[in-house]
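> Task: produce atomic coordinates for the following.
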Amino acid sequence: MSKKVAQVIVDTLQSAGVKNCYGIVGDTLNTFATSLSRSDIKFVHMRHEEAGAYAAQAEALLMDRLTAMAGSCGPGSLHFINGLYEANRNRAPVILIASQVVRRELGFNFIQEVNFEDVYRGCSVFCEMILTPEQALRKTVMACQAAISKRGVAVLILPVDVADSDAASEPPFRVHVNKPVIRPSDADLDRIAAMLAEGTNITIYAGSGCVNAHDEVVELAKRLKAPVAHTSRGKDEIEYDNPNNVGMTGVIGTESGYHAILNCDTLLLLGTDFAWRQFYPDHAKIIQVDIDSTHVGRRHPVDLGVVGNIKDTLQALLPRVAQREDAAFLNTYVERHKKALKAQAGRATPGPRGKIPGQYLTSIINRLANQDALFTADDGTPLVWMLRMVEANGKRRMFGSLLHGTMATSIGNAIGLQQAQPGRQVIALAGDGGFSMLLGDVLTTVQENLPIKIAVYDNGKLGFVELEQKGEGLLPVYTNLTNPDFGKVAEAMGLWGKTVTKADDLEGAVAEWLGQPGPALLNVKVEPMELVMPPFTAPEAVYGMAMYSIKAVMHGKAGDVFEMIGENL
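Presented below is the predicted three-dimensional model:
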């Protein structure tokens, strides 16, 4: 019996290092699924393809390997779209096998026919259809190669009649996985060193591009006596074992990181494409190093921009940088950061009348979680509390939608992380809005026997959206949520479930939840009036909150204003 095209594709994915494929089977995908079942690649049966895309990208980022998704024609593959935007923006090497209707019906608006090339062009580094059996091997290799080398989403469109066809004889194309050394020229490295030598108050701003470059960044900061601020996506790599760390900047950062950047005279950007221009200094010389040339100078004008992998670049730069002695600038912001952390810890306490602030819940989870735990968080307040309260130590990793800003990633991400590393503790910090949005894939944790620990921050509202509305001086609209008891919902779905409403019961409940052998859900009624305090107070934010307070009083909601003040001040 001759080999089918579907089997050629599966064999190629396996040779490229794919271990898991996430998705939902359906008519046009059946031949591919049958071939997959005969391989070493595991098919993870999701309840919604969007969650499958989150799972695939989390595995790809954690393990630094190609990970697959597969969907049926039309609606099946379309459901991946939001997760693919997330994956592509996070530079996750993933491949989608998007099955398609038979070729003879393409272009006739056939039932479930979708032009996937148009749909996926904005969220992929490769998007092609296999037109004939003779193209199967070469186009699959091209798709895998693009996802790995360009670090993004590859979409391979597979008409069902091509998948069912006998494979053709093709040359032995194969996927090449390699990691080249990429750094600036010697002349550019000399220019960087000269600019750093001229600087007096130097700050390093490190992003997710500093992966595997922790020691080099810390050594450079030591020589320059430079404070190191980091992006939220750079936290895992830079925060730990770094005496020069001064925290994050941005709206959810600390005032030490914020001011260390604004008050420097020389800013060294390492692997960061931080988007918000108002957080860059106006009068400093800026040097930028990034692996992607399109990132250089696109957020703020820079004086010198070069292309390079951060680890490779710093290894070549360090011999050119002399040791400095004056640590006054550094010490100012290190001390400021210590005070900020102390103040933050002071806010992570039980609220009045036994209420549970979200940051208090997160601080307990941080303390009781394993030292190598993997954390995911839904966009909104759970993500803020994770980034502020969970301590990085070089073993933990944290995942959230920080570039795409979408809801409902925590469960999908957690599924991919747990599937990739079965023996590791995986904790999902879910907002009640995001959790209920993709609630069905909680069943995947039961079906696949994944011992994920889910904490639901149940404040009965879209909390971050409500904060935005108040900050704009508006009365909140359409943010309230009518929730069931998610602890009981979990039990009905086959998980361990529990709901906590009082601060005195919280620590014992967290310990019990983390100690469960299988998937478990802890539903916590968190304080709905808790605010996310930024590192600075902008005049427009003060005005907006004042206008909200006036409107609330005028509409008979003075109690909400007084409760908000009482809970946060």
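
> Name the helix or strand of this protein that has the lowest mean pLDDT.
Averaged element by element with mean pLDDT, DSSP states H and E, the chain has its least confident helix or strand at helix 558-568 (a mean of 48).

> Who are the contact partners of the residue lying closest to residue 156 once chain neighbours are set aside?
If you skip the residues right next to it in sequence, residue 156 has residue 143 as its closest partner in space, 4.5 Å away by C-beta to C-beta, 6 or more residues apart in numbering. Backbone N, C-alpha and C define where each C-beta goes, glycine included. For residue 143, the set of contacting residues under the criterion of C-beta atoms under 8 Å, 6 or more residues apart in numbering consists of 95, 126, 128, 154-156.

> Out of those residues, name the ones that lie in strands.
Residues of the contacts of residue 143 located in strands (DSSP state E): 95, 126, 128, 154-156.

> Can I have the buried ones of those as a ChimeraX selection?
For the buried members of the ones in strands among the contacts of residue 143, the matching ChimeraX selection, counting by 16 or more other C-beta atoms under 10 Å, is:
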select :95,126,128,154,155,156
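
> export the ones in strands among the contacts of residue 143 to TSV and tack on pLDDT?
Putting those into TSV (pLDDT from 0 to 100) gives the following:
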residue	pLDDT
95	98
126	98
128	97
154	98
155	98
156	98
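
> Run through the neighbouring helices and strands of whatever helix or strand residue 203 lives in.
Here residue 203 sits within strand 202-206, counting by DSSP states H and E. Taking 3 or more C-beta pairs under 8 Å, 6 or more residues apart in numbering; DSSP states H and E as contact, the helices and strands that strand 202-206 lies on are helix 214-224, strand 228-230, helix 255-262, strand 266-270.

> Let me know the pLDDT of the residue sitting nearest the centre point of the chain.
Within the chain, the residue whose C-alpha comes closest to the C-alpha centroid is residue 400; the distance, by C-alpha atoms, centre = their mean, is 3.3 Å. Turning to residue 400, the model gives it a pLDDT of 97.

> again with the one 3 residues further on
You'll see residue 403 listed with a pLDDT of 93.

> Residue 92 is in contact with that one, correct?
No. In this structure, residue 403 sits apart from residue 92 without contact. The criterion is C-beta atoms under 8 Å, and the distance is 11.0 Å.

> can you give me the helices for the stretch 301-450 of the chain?
Secondary structure of the stretch 301-450 of the chain, counting by DSSP state H, counting those that start in this stretch: helices at 310-317, 328-347, 358-368, 381-389, 410-420, 432-437, 442-447.

> These: which one's closest to residue 134?
The closest of those to residue 134 is helix 410-420. By C-beta to C-beta, the value is 34.0 Å.

> Residue ranges in the protein under the pLDDT threshold?
Flagging of the chain using pLDDT under 70 yields the residue ranges 1, 471, 531, 533-569.

> picking that back up, any chance you could list what contacts the strand holding residue 203?
Contacts made with strand 202-206 from outside it, assessed by C-beta under 8 Å, 6+ apart, are listed as 196, 217, 220-221, 224-231, 234, 237-238, 244, 249, 260-261, 264-272, 274, 329.

> what's the burial count for residue 454?
Counted with other C-beta atoms under 10 Å, the burial measure for residue 454 works out to 26 neighbours.
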